[in-house]
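1. Quick one: sequence plus predicted model below, questions after.
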Amino acid sequence: MSKNVSNEPQLHSSIVALISLASGIAAKHPAMGMCQLNKLRSMGIPESQINAAVEIARHIRDEAAEKIDAAFDEKSALLPLDDESSSQCCGTTNEPKTEAEACCSNTPSGQSCC
């Protein structure tokens, strides 16, 4: 069954630009999202909304890098694996996390990335 996407509502161009900007930052794209940034500013998107998207993207990128580093350290036996820290998906506290919090933490300003 093939859906005819032309009948589906399209994303607003500002949403597409925000998604592109954030994904480019998270992926460490060499163009750094400058085209999208200029487009968003020319559309009059508030800097606070652009900054929130950038902060979330950087947080996701940095969190992914930390997890990759931790997995490498664990597999290479550079860090001893202790049972308490291995059961945590994010963070370093011993506080129990709900399922929704298990693999998503907030940015430094408290912005949720989930």
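-> That came through, no problem.
2. rest of the way, CA atoms for contacts and neighbours
-> Will do.
3. didn't G24 look like it was pressed against C35?
-> No. Judged on Cα atoms under 8 Å, G24 makes no contact with C35 at a distance of 10.7 Å.
4. between these two, who's got more neighbours?
-> Higher neighbour count among G24 and C35: G24, with 20 against 12, using other Cα atoms under 10 Å.
5. Need the pLDDT of that one.
-> Model confidence at G24, given as pLDDT, is 93.
6. For it, list the residues it contacts.
-> Neighbour list for G24: 31-33 [criterion: Cα atoms under 8 Å, 6 or more residues apart in numbering].
7. at 10 Å instead, please
-> G24 makes contact with 18, 30-34, 36, 54, 57-58, according to Cα atoms under 10 Å, 6 or more residues apart in numbering.
8. for P9, same thing?
-> Contacts of P9 by Cα under 10 Å, 6+ apart: none found.
9. Now it: phi and psi?
-> phi -70, psi 140 (degrees, to the nearest 10).
10. State the pLDDT value of it.
-> 89.
11. ditto for D73
-> 85.
12. Return the distance of the helix or strand harbouring it from the chain's centre.
-> Per DSSP states H and E: D73 is located in helix 47-75. Counting by Cα atoms, centre = their mean, to the nearest Å, helix 47-75 is centred 6 Å from the centre of its parent chain.
13. That one - contacts with which helices or strands?
-> Judged by 3 or more Cα pairs under 10 Å, 6 or more residues apart in numbering; DSSP states H and E, helix 47-75 is in contact with helix 13-26, helix 34-42.
14. Can you lay out those helices as a markdown table showing distance to A77?
-> Below are those laid out as a markdown table (distance: least, Cα to Cα, whole Å):
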| stretch | distance to A77 |
| --- | --- |
| helix 13-26 | 28 |
| helix 34-42 | 40 |
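15. Minimum distance to E63: which of these has it?
-> Closest to E63 of those, according to Cα to Cα: helix 13-26, at 10.0 Å.
16. What's the PyMOL syntax to select whichever of the contacts of G24 are buried?
-> Typed into PyMOL, the line below selects the buried ones among the contacts of G24, using 16 or more other Cα atoms under 10 Å:
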select buried, resi 18+32+33+36+54+57+58
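17. Good, we can wrap up now.
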